[in-house]
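K.L.:
prediction below, plus the sequence it came from.
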Number of protein chains: 4
Amino acid sequence: MCGIIGISSDKDISKELYYGLYSLQHRGQESCGIAVLNEDNNSINYHRGMGLVSDVLRKEELDNLNGNIGIGHVRYSTAGGSHVSNCQPLAGVCRRRKLSIAHNGNLINHNYLRQALEEEGFMFQTSIDSEVILYILSRYYKGNIIDSVKITMDYIKGAYSLVILSEEGLVAVRDPYGFRPLVLGKKGNEYIVSSESSSIDILGGEVIRDIEPGEIVLINNGEVKSYNYKDNYKEKQKTCIFEHVYFARNDAIIDGVNAYEFRVRSGQILAKEDDIDADIVIPVPDSGIPGALGYNKESNIPLKEGLVKNRYVGRTFIKPTQSEREIGVKLKLNPLTSVVKGKSIVLIDDSIVRGTTSKILIDSLRKAGAKEVHLRITSPPVKYSCYFGIDTPRRSQLIASKNSVEDIRKEIGADSLKFLSTDALMKAANCKNIFCMACFDGKYPIEPMVEED
Amino acid sequence: MCGIIGISSDKDISKELYYGLYSLQHRGQESCGIAVLNEDNNSINYHRGMGLVSDVLRKEELDNLNGNIGIGHVRYSTAGGSHVSNCQPLAGVCRRRKLSIAHNGNLINHNYLRQALEEEGFMFQTSIDSEVILYILSRYYKGNIIDSVKITMDYIKGAYSLVILSEEGLVAVRDPYGFRPLVLGKKGNEYIVSSESSSIDILGGEVIRDIEPGEIVLINNGEVKSYNYKDNYKEKQKTCIFEHVYFARNDAIIDGVNAYEFRVRSGQILAKEDDIDADIVIPVPDSGIPGALGYNKESNIPLKEGLVKNRYVGRTFIKPTQSEREIGVKLKLNPLTSVVKGKSIVLIDDSIVRGTTSKILIDSLRKAGAKEVHLRITSPPVKYSCYFGIDTPRRSQLIASKNSVEDIRKEIGADSLKFLSTDALMKAANCKNIFCMACFDGKYPIEPMVEED
Amino acid sequence: MCGIIGISSDKDISKELYYGLYSLQHRGQESCGIAVLNEDNNSINYHRGMGLVSDVLRKEELDNLNGNIGIGHVRYSTAGGSHVSNCQPLAGVCRRRKLSIAHNGNLINHNYLRQALEEEGFMFQTSIDSEVILYILSRYYKGNIIDSVKITMDYIKGAYSLVILSEEGLVAVRDPYGFRPLVLGKKGNEYIVSSESSSIDILGGEVIRDIEPGEIVLINNGEVKSYNYKDNYKEKQKTCIFEHVYFARNDAIIDGVNAYEFRVRSGQILAKEDDIDADIVIPVPDSGIPGALGYNKESNIPLKEGLVKNRYVGRTFIKPTQSEREIGVKLKLNPLTSVVKGKSIVLIDDSIVRGTTSKILIDSLRKAGAKEVHLRITSPPVKYSCYFGIDTPRRSQLIASKNSVEDIRKEIGADSLKFLSTDALMKAANCKNIFCMACFDGKYPIEPMVEED
Amino acid sequence: MCGIIGISSDKDISKELYYGLYSLQHRGQESCGIAVLNEDNNSINYHRGMGLVSDVLRKEELDNLNGNIGIGHVRYSTAGGSHVSNCQPLAGVCRRRKLSIAHNGNLINHNYLRQALEEEGFMFQTSIDSEVILYILSRYYKGNIIDSVKITMDYIKGAYSLVILSEEGLVAVRDPYGFRPLVLGKKGNEYIVSSESSSIDILGGEVIRDIEPGEIVLINNGEVKSYNYKDNYKEKQKTCIFEHVYFARNDAIIDGVNAYEFRVRSGQILAKEDDIDADIVIPVPDSGIPGALGYNKESNIPLKEGLVKNRYVGRTFIKPTQSEREIGVKLKLNPLTSVVKGKSIVLIDDSIVRGTTSKILIDSLRKAGAKEVHLRITSPPVKYSCYFGIDTPRRSQLIASKNSVEDIRKEIGADSLKFLSTDALMKAANCKNIFCMACFDGKYPIEPMVEED
């Protein structure tokens, strides 16, 4: 997962990009970068690096990134491919024109397109699919960026929200399914495009609307022009539900659905369907808190903080060895003995992926004296891998892909375990039928070209 | 404020010191360090630096810090004196013996003692009071560390919890009033002394007891010896109540009082004394959450997350300019419009010091559409500066030092404002009469030798 | 100017590349890098950065650069374009094949080729001509690297010595004029290609021969195959004379000419043509020493060290301001008052480019008491810019481009000034008619496509 | 060995200290530092670190080191004790007065004094003898720095040149024997004290005179006051001859003797006493060059550069393993085959300490084809360890301590070997009877308190 932002203004915007990326930091902590178009000398300057926004982008760097139009990117820590060459925004020169892009999402025909470009002699410097997008843009660029974007969209399949920095202006693109969010905002004469509405809010702007699936927006000199990918073309919208389940900030509003309200409702519905008689409700902080509030509201079982979170686990943290694993868990989440001792607990988390963290947490709560631990998950079991930008592991590593709920319960050691049903999830989302739920139901909007192991 | 830890074991403890400091990181983020006694070559090795534990103490450094006995320190960011020379632990050689100390607290006769030592020709390399302690220890050290500690305690006045690394073993000291916490724990053959019980818990040990006010503990070869500062001497215990109000982790138990329970109770009592008819209760995250849970429990006004906290504000964060100040606030705490819009809100925070944050937050909530904001503080007004280790500003900067509650309310723009009374605070602390509440009531256990401006 | 090296072996060669680059450090101090092909997983790993070999390539980096075949590059500090993106070796993937190149030289049709590639949609990430070479190689690569190199040579015009790291082996290429040196050596089963014979010597190998102009060499599995660019094609060799005048190490042997002997002979011939009656000969260290030795030998005027050189002027050296300029000069070269006072001096330098250093040095010698300063240059006046890899400034900045020798003498303040004639230079080079002397005589082997200002 | 500098001016001198240390860099490359007294706020600021002047002292640091009076230090890389805590200048506060010192030399009663101070309770933070000097200064400081310096000189025995930064002004001290050089200079209203006259020269000042043995100089407000250590006390001067043999720059004038002239004369006298019939004279660069010039002048055997020195061997250079040792040697000094092949060589070096470098060099020259190698050393055999600041190894490691000249010749593999006699050395030094030659003749001016192994 990643976060992207683009700003077009009549004043210098490097610091706004910085604060904007800051507000998107939860979408990716591995690397980040900013690219800015300096219209005076018509050059694109950029700075990228491994690490958090506050570590990579120092005052010295920002001072060298002046411009009225620019884009930014934060990248999530994925298993492979953690290398400085994969940092975004990507930038280059084609037909004397500077071009830079930042991409959130995942192409499913990446390998095919890469091979085709290589056949034409194109060289790749990174291992990310975003470079394919850049080169197709460049390949078909004949002086009009919108034309070039449309042709590119003919080629690329999958999830992509893009911000493109070109000499013709700032371009924002959302794929025809609208997998990944992208929001348009305004602040005086300035336009802001961001993965989440929160950035616009924090920068002091007003949210105008979501960029629509298949929409191309060109912003220049305080003017916004909207294009459709194809006139007679309209895919059914399939925005990723996992943005609401886990990924987005509580203050994000995506395609009209409020993430926080969604999460509280998920907890409420879960409680409504539940009949457990427990002493306390405990959230797994921080992502389980809204769900726990909803569960508490509906069930009237008292809400307590039962796990203390360490706020300072940094990138360079020395990982505990196997024998120190218990220390590692408690460093992050330490049970509050006084709260959990002798208690029957409803533990609320937003999702279960591999199941390892749940298992360790439940064990840790028992050691602190919990009498019973009833795990409640405010989303359905994750049974299928995501090919559209969420870094779920291969199916074989998803605990729910081959195990029944009862098997999972046994494996993680809970006294009982319940998930939200997909129907209930739909209800939590105001019954809006605009979501991709493939990770839960396997109904992929586009069939992935990947063999499952 | 600072955090200290000491470990005496029969195996290498550098990584345990590291994880221990990690769990104390909330007590100080400015600088940190570890000192270890290598008994093979009888040398003390140390590493210190500005920044977080995970930034300063890298694998390379830990690999060079082998030893079975060692101490660690995290230091709070104070206004002045942020310089690498002030990092702890301090270390030196006296009478061929290595000595290192880490100190939490504040001496009130620091200037006097420094002058007296300088009269004898001692040179100071730092500007911190801890160096005075080190030199007095050294000055009177004649081959027995306990004797030397006792003499030192004759000289130094104020708040001090100390861990001392000596060739005779690990020494832990708590001043006669017990201003700052210090807890003793055990893990197999290993003894751990830490500012907070949480560290012991997280390292997998068992808490034995608090070090008593005026107690000196010597740990060596798996043996613990306890000494009293003076046989016939017993000060009335005066542990800092602010540790419970704000400073310590939720999972800390200090002198028998559980920080989390204390905070929840404070919120409950506040609600009991309150009669406001509001729509929702919102905590200022993270420190206001337990109080809000208590308030919600007692009042039955629904609890909501109304402020979204950014988890990534780092040390090198580029500070917003005055004109960007609003961005700066929202970057840290952004109101959740959907939650607060049109609502009458009870906003719960743990304390008010200068009042500036409260003012900005209330303003920010109003802009997000809040109808009414009723601020409730789970502690009394901070009217007096602390001279015993909490970095409260000078009295003139404390909003409650010269203003009535009503004046404060006007200044920060709340619709109503209530504090917990000192009596209620005492009740929240189980009526234990062991606390210094000087910041609230001005009754200093030792009269400070400082002129107030 | 740059230096390149390539090694093909049956054992790990990252450290040999390191030492090899070390021995080429005089050819470029701005940036450096190493790329290595790991045949186990068929990947190219590289590390590049701004700075000296010993600063950029640390032990940690070398440990991650295992492979039996690799290339390295050092880059000279040029006025513009000092940016990390311009570091070499360049690397990429084309048609599933990894490719990396390191380039010494300068293409004269760089802009034209770049434009042509951009027309085809290629994107450029750097501003260096070497990227053009990489992309043409990639553009025409159909599975045989030699074919691809030959086609590339059809396109690129100018000076280029290349080492190419491919899955088919190590390739070394020298342009048809042989502007830049490239030497082949052997050490057991290992082959080494380097800009200078010294590297091979220092690594403990034997020099086999120079790569010939227009030759392509493929080294794989201990086997060397040689190809000609074109069968019936043979340009007249035009190796850069400035390599001998200034650039190469004293221990380099290039195309059969020994750099040190050439330099001594230049000084001898200069003395033979001279009739000055001076007290002492003083070299400008270090490059003027061999010439001064030759001059002293022929003239019998005693040789003295009259200028003390500071060996430690590093990259991050804080440049003196205008008012401190004199300090700046003396920091680098301080006159030895006891040697120069009252003396009539023959000052020997290898060349004059802008003339500013000579002027300052002569002034500095006079202030130290020199009676007369007769400047003797062991090469002709530099009248023309180089377009083939030497970073001479624009013609307008060359002091000899528009001034007579007498005018130059006046400008720099020497009592007399003599240069070596081009005929004499030819004699010093053993009358070998294989040199490009365009910087002296304006006879460019290929007409540059650049407008002179 | 170390280098020190002190400047007292009426303008900011941090950059002059920087350039001054730069010119002293040859005296120490391990660490360096600057301390500056800011008279506005009466504080001493300093910056110290491991590495070269250009690496440790960046623009940011210098910008924070404003002041009109300051001192600087460069430290030599010694076998043990290479740790950041040993960097100088040392600084501290005593009796409310700031004090900082930089020290060149070595105390012989360091251990005794350290023990005595520890008995009084003083703590040591470094392992260097300079800290003893600082503490004695502080111990006896009663408001008059000159008095305190005199008392300190009663205690400390050995070699010390000191610059002291105090609130009373800049103090320069040279021990009663004058072991280490210290020179006073003037530049307008500014006074400069430096280890070598070159710094003063380079900074654009005029050398006034050497500080005399036993002299204390106080500089303040453009006024220089001179004090004698004791009125009726005058030791016989014993300046270290090794400064002239090897250590000082060619442009240094120490106690009236010119280092370069001394070195040339040493070579001349060596040649006069010699009768070898060789083809060429080759210096070991750079320190052997003046001696070789002298030898060449006297013997008329032609001088050649036969060894090419790499100018870029940096601090972080990855050391070759044992099997790569030959590469390591040639990286530093590579024989010029064309010069040495078939030749009978007189190889000139300034001294032999362990003999290992000579052995490897001679071997390397033979491998390059040298017919005969006759080693000539422009100083006598080093038979005794130095206890006064030169980092000679223990006696047992000095090749000349137990071996005859013939045995040394065999060991290092020379065809013949000659040293300068101590009488000749005296002659080279203009028969000035002011030198300590203990490393050659064992006549220690003060008997060292060290047991020889």
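P.N.:
Cool, the structure landed. Residues are numbered from 1 along each chain as shown, chains lettered A, B, ... in the order given.
K.L.:
tell me how many other residues surround residue A:199.
P.N.:
Residues contacting residue A:199 under the criterion other C-beta atoms under 10 Å in any protein chain shown number 32. Quick note: C-beta positions are derived from backbone N, CA and C, even for glycine.
K.L.:
ok but it is inside a strand, no?
P.N.:
No: according to DSSP: H, G, I helix; E, B strand; the rest coil, residue A:199 belongs to no strand; its state is helix.
K.L.:
hang on, it packs against residue A:24?
P.N.:
Yes: using C-beta atoms under 8 Å, residue A:199 is in contact with residue A:24, at 6.0 Å.
K.L.:
overlap in contacts, these two.
P.N.:
By C-beta atoms under 8 Å, 6 or more residues apart in numbering or on different chains, residue A:199 and residue A:24 have these common neighbours: residue A:5.
K.L.:
next one: the nearest residue to residue A:402 once chain neighbours are set aside from chain D, what distance?
P.N.:
With C-beta to C-beta, 6 or more residues apart in numbering or on different chains as the criterion, residue A:402 has its nearest non-adjacent residue at 7.9 Å, and that residue is residue A:396. Distance, residue A:396 to chain D, using C-beta to the nearest C-beta, to the nearest Å: 43 Å.
K.L.:
same question for residue A:70.
P.N.:
27 Å.
K.L.:
just confirm that residue is within a strand.
P.N.:
Yes: the assignment for residue A:70 (three-state DSSP) places it in a strand.
K.L.:
any idea how many residues pack against it?
P.N.:
32.
K.L.:
got it, and residue A:369?
P.N.:
Other residues close to residue A:369 by other C-beta under 10 Å number 14.
K.L.:
hang on, it packs against residue A:337?
P.N.:
Yes: at 6.2 Å, residue A:369 and residue A:337 qualify as touching, with contact defined as C-beta under 8 Å.
K.L.:
now residue A:207, what's its secondary structure?
P.N.:
Under three-state DSSP, residue A:207 comes out as strand.
K.L.:
that one touches residue A:198, doesn't it?
P.N.:
No: assessed by C-beta under 8 Å, residue A:207 is found out of contact with residue A:198, at 9.5 Å.
K.L.:
counting neighbours, go ahead and name the busier of those two.
P.N.:
Using other C-beta under 10 Å, the more surrounded residue of residue A:207 and residue A:198 is residue A:198, with 27 against 19.
K.L.:
next one: the residue in chain A that chain D sits nearest to from residue B:318, what distance?
P.N.:
Closest approach of chain A to chain D (C-beta to the nearest C-beta) occurs at residue A:60, with a separation of 10.0 Å. Counting by C-beta to C-beta, to the nearest Å, the gap from residue A:60 to residue B:318 is 10 Å.
K.L.:
check residue A:204 too.
P.N.:
For residue A:204, the distance to residue B:318 - C-beta to C-beta - is 17 Å.
K.L.:
go on, residue A:128?
P.N.:
28 Å.
K.L.:
so residue A:105 sits in a strand?
P.N.:
Yes: according to three-state DSSP, residue A:105 belongs to a strand.
K.L.:
ok, now which ones touch the nearest residue to residue A:309 once chain neighbours are set aside?
P.N.:
If the residues on either side of it in the chain are set aside, residue A:309 comes closest to residue A:285, at 4.5 Å by C-beta to C-beta, 6+ apart. Applying C-beta under 8 Å, 6+ apart to residue A:285 gives the contacts A:305, A:307, A:309, A:333.
K.L.:
please report phi then psi for residue A:285.
P.N.:
phi -70, psi 150 (degrees, to the nearest 10).
K.L.:
can you name the residues of the stretch 251-400 of chain A sitting close to chain B?
P.N.:
Residues of the stretch 251-400 of chain A found near chain B (C-beta under 8 Å from any C-beta of the partner chain) are A:251, A:253, A:258, A:260-261, A:264, A:286, A:289-290, A:293, A:296-297, A:302-305, A:308, A:310-318, A:320, A:324, A:326-327, A:330-331, A:334-339.
K.L.:
filter those residues down to the buried ones.
P.N.:
A:251, A:253, A:258, A:260-261, A:264, A:286, A:289-290, A:293, A:296-297, A:303-305, A:308, A:310, A:312, A:314, A:317-318, A:320, A:324, A:326-327, A:330-331, A:334-339 (16 or more other C-beta atoms under 10 Å in any protein chain shown).
K.L.:
tell me which element the residue of the stretch 1-150 of chain A found nearest chain B falls in.
P.N.:
Here the stretch 1-150 of chain A gets closest to chain B at one residue, residue A:54, 3.6 Å apart by C-beta to the nearest C-beta. Using DSSP states H and E, the element containing residue A:54 is helix A:53-56.
K.L.:
kindly report the same for residue A:325.
P.N.:
With DSSP H and E as the criterion, the answer for residue A:325 is helix A:325-332.
K.L.:
for the stretch 101-250 of chain A, which residues are neighbours of chain C?
P.N.:
So the stretch 101-250 of chain A meets chain C at A:115, A:118-125, A:134-135, A:138-141 (C-beta under 8 Å from any C-beta).
K.L.:
ok, now with 7 Å
P.N.:
A:118-119, A:121-125, A:134-135, A:138-140 (C-beta under 7 Å from any C-beta of the partner chain).
K.L.:
which of those fall in helices?
P.N.:
By the criterion of DSSP state H, membership of those in helices covers A:118-119, A:134-135, A:138-139.
K.L.:
by contact count, what packs against the biggest helix by length in chain A?
P.N.:
Secondary structure of chain A per DSSP H: the longest helix is helix A:259-272. Here helix A:259-272 touches helix A:289-299, helix A:422-428, helix B:337-340, going by 3 or more C-beta pairs under 7 Å, 6 or more residues apart in numbering or on different chains; DSSP states H and E.
K.L.:
of the ones you listed, which is nearest residue D:72?
P.N.:
helix A:289-299 (56.9 Å; C-beta to C-beta).
K.L.:
give me every residue that touches the nearest residue to residue A:27 once chain neighbours are set aside.
P.N.:
Distance criterion C-beta to C-beta, 6+ apart; nearest residue to residue A:27, sequence neighbours excluded, is residue A:3 at 3.3 Å. Listed by C-beta atoms under 7 Å, 6 or more residues apart in numbering or on different chains, the contact set of residue A:3 reads A:24, A:27-28, A:74, A:104, A:195.
K.L.:
okay, and which of these map to helices?
P.N.:
Among the contacts of residue A:3, no member falls in helices (DSSP H).
K.L.:
can you select the buried ones from these in PyMOL?
P.N.:
A single PyMOL command selects the buried members of the contacts of residue A:3 (16+ other C-beta under 10 Å):
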select buried, chain A and resi 24+27+28+74+104+195
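K.L.:
got the contacts of residue A:3 as CSV, with distance to residue C:34 and pLDDT columns?
P.N.:
Shown next, in CSV, are the contacts of residue A:3 (distance: C-beta to C-beta, whole Å; pLDDT from 0 to 100):
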residue, distance to residue C:34, pLDDT
A:24, 36, 96
A:27, 35, 95
A:28, 30, 92
A:74, 30, 96
A:104, 34, 96
A:195, 38, 98
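K.L.:
check which helix or strand the residue of chain A closest to chain D maps to.
P.N.:
Counting by DSSP H and E, residue A:60 is part of helix A:59-63.
K.L.:
domain assignment for chain A?
P.N.:
A:3-237, A:258-441 (automatic domain parsing).
K.L.:
and residue D:32, which of those domains is closest to it?
P.N.:
domain A:3-237 (24.3 Å).
K.L.:
give me the distance between the two termini of that closest one.
P.N.:
Distance between the boundary residues of domain A:3-237 (C-alpha to C-alpha, to the nearest Å) amounts to 20 Å.
K.L.:
also stretch A:414-421?
P.N.:
19 Å.
K.L.:
show residues contacting that stretch.
P.N.:
Residues contacting stretch A:414-421 (C-beta under 7 Å, 6+ apart): A:266, A:269-270, A:274, A:276, A:362, A:372-381, A:405, A:408-409.
K.L.:
what bits of the stretch 1-150 of chain A have low per-residue confidence?
P.N.:
A:77-82 (pLDDT under 70).
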